[in-house]
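**Student:** Let me see the structure of the following:
(one chain, ligands or ions: 2)
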Amino acid sequence: MTTPILELRNVNKSFGPIDVLHDISMKVHAGEVLCLLGDNGAGKSTLIKTLAGVYKPNSGEVLMDGNPVDFSGPRDAQRMGISTVHQFGGTFPLMSIGRSFFIGAEPTKGFGPFKVYDRKKANEIAVKAVQGFGITRIDDGDRLIGGLSGGERQSLAIARAVHFGARVLILDEPTAALGVKQASHVLRIVLEARRRGIAVIFITHQVTHAIAVGDHFAVLIRGAVAANFRKGERSREEITDLMAGGEALADLGAEVESYMATHDGHPPPVPAK
Ligand SMILES: Nc1ncnc2c1ncn2[C@@H]1O[C@H](COP(=O)(O)OP(=O)(O)OP(=O)(O)O)[C@@H](O)[C@H]1O
Ligand SMILES: [Mg+2]
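**Tutor:** Residues are numbered from 1 along each chain as shown. Ligands and ions are numbered 1, 2, ... in the order given. Next up is the predicted model:
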């Protein structure tokens, strides 16, 4: 077995008295997509922020290539090849594609010194990188980010991370706000990143999207890994149930049904908080 690019061992994270992550262990290998599933508030964002150097774990270890790492901050993690793409691609609507591609980028990585902004060259490189991911509709680097669709923005952000040397790509709900067609574009890009040997950590609420691209799955419930399995080991229904805390919902269903049976088909009143 190869060494995972990134691994968490028994990580705990709390904010003051609030325990958010409990004893999390997980790993991701090169060329693999790890889907991180879990309901609102399960701790997904906290977990990836811990992976990306934003938070330090209270206990436990983060390892890269088998060696313990202690990131001093997100830039440190990024320098080591961990890139996070946030929802909406994290770019500015009034900026051109070419400009946004190079903003905040390490000027010496990927290509030569770029001290003076060379619009033509920036556009060329940005468009080439995006097209390399199969998004051929982006062919003009002068276009503004604001004019791109949500899927195109995500695609651009992923292409950019890969261009600047990401080895681990963390995608926080990249398909959440997208329609079917756009989501499938983004999923294809995830697969292309995987083909290029990048380790992808893909966070989503949408089981269908996870199943389409995932090699490994981890379900977080209240800050703990409630299930951890490989592609094909669980059915879609089982995964959905796990995510929704299936048992609680099944109980609710039974309760509603029995109420309706004795109340002329009326659903029970919503309980006051
Ligand atoms: N800085 C913080 N201080 C205190 N509590 C926090 C902090 N950040 C997160 N939490 C708490 O930790 C829990 C997990 O939050 P987190 O944002 O990681 O969940 P999530 O799985 O990403 O949810 P969502 O699907 O809604 O994005 C929540 O109860 C949240 O209130
Ligand atoms: Mg979140």
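**Student:** how about Gln131, what does it touch?
**Tutor:** When contacts are counted by Cβ atoms under 8 Å, 6 or more residues apart in numbering, Gln131 touches Ile138, Asp139. Heads up, the C-betas are built off the backbone N, CA and C, glycines and all.
**Student:** I'd assumed Ser14 was in contact with Leu22.
**Tutor:** Quick fix: residue 22 reads His, not Leu. No. Look at His22 against Ser14 with Cβ atoms under 8 Å: they stay out of range, at 9.2 Å.
**Student:** Pull up the gap between Ala244 and Lys13, please.
**Tutor:** The gap separating Ala244 from Lys13 is 24 Å, by Cβ to Cβ, to the nearest Å.
**Student:** Who has more neighbours out of these two?
**Tutor:** More crowded of Ala244 and Lys13, by other Cβ atoms under 10 Å: Lys13, with 22 against 14.
**Student:** low-scoring stretches of the stretch 51-200 of the chain, by residue?
**Tutor:** 87-91, 104-117 (pLDDT under 70).
**Student:** Nearest to ligand 2: which residue in it?
**Tutor:** The minimum distance from the stretch 51-200 of the chain to ligand 2, using Cβ to the ion, falls at Asp172 (6.4 Å).
**Student:** show me the contacts for the residue most central in space within the chain.
**Tutor:** Central residue of the chain (Cα atoms, centre = their mean): Leu171, 2.2 Å from the mean position. For Leu171, the contact set (Cβ under 8 Å, 6+ apart) comprises Thr84, Val85, Ile158, Val190, Val200, Ile201, Phe202, Ile203.
**Student:** give me every residue that touches the fourth one.
**Tutor:** With contact taken as Cβ under 8 Å, 6+ apart, Val190 is in contact with Val33, Ile158, Leu171, Pro174, Val200, Phe202, Val213.
**Student:** Confirm it sits in a strand?
**Tutor:** No. Under DSSP: H, G, I helix; E, B strand; the rest coil, Val190 falls outside any strand and is assigned helix.
**Student:** can you pull out the strands in the protein?
**Tutor:** With DSSP state E as the criterion, the chain has strands at 6-15, 18-28, 33-38, 59-64, 67-69, 82-85, 168-172, 199-204, 216-221, 224-230.
**Student:** Nearest to Ile97, out of these?
**Tutor:** Closest approach to Ile97 among those (Cβ to Cβ): strand 82-85, 15.6 Å.
**Student:** Give me the contact list for that closest one.
**Tutor:** Counting by Cβ under 8 Å, 6+ apart, 6, 48, 51-53, 64, 74, 154, 157-158, 161, 164, 166-172, 174 sit against strand 82-85.
**Student:** and if we set it to 7 Å?
**Tutor:** Strand 82-85 has contacts (Cβ atoms under 7 Å, 6 or more residues apart in numbering) with 48, 51-52, 154, 157-158, 161, 166, 168-172, 174.
**Student:** As CSV, the residues you listed with distance to ligand 1 would be great.
**Tutor:** Converted to CSV, the contacts of strand 82-85 look like this (distance: Cβ to the nearest ligand atom, whole Å):
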residue, distance to ligand 1
Ile48, 8
Leu51, 12
Ala52, 13
Gln154, 17
Ala157, 18
Ile158, 19
Ala161, 20
Ala166, 21
Val168, 18
Leu169, 18
Ile170, 12
Leu171, 13
Asp172, 8
Pro174, 13
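**Student:** got a winner among these for most neighbours?
**Tutor:** Greatest neighbour count in these, by other Cβ under 10 Å, goes to Pro174: 30 neighbours.
**Student:** That one reaches Gln154, doesn't it?
**Tutor:** Yes. Counting by Cβ atoms under 7 Å, Pro174 does reach Gln154; the two are 4.9 Å apart.
**Student:** Distance-wise, check the nearest residue to Phe101 once chain neighbours are set aside relative to Asp140.
**Tutor:** Spatially, and ignoring its direct neighbours in sequence, Phe101 is nearest to Ala126 (3.7 Å; Cβ to Cβ, 6 or more residues apart in numbering). Separation of Ala126 from Asp140 (Cβ to Cβ): 10 Å.
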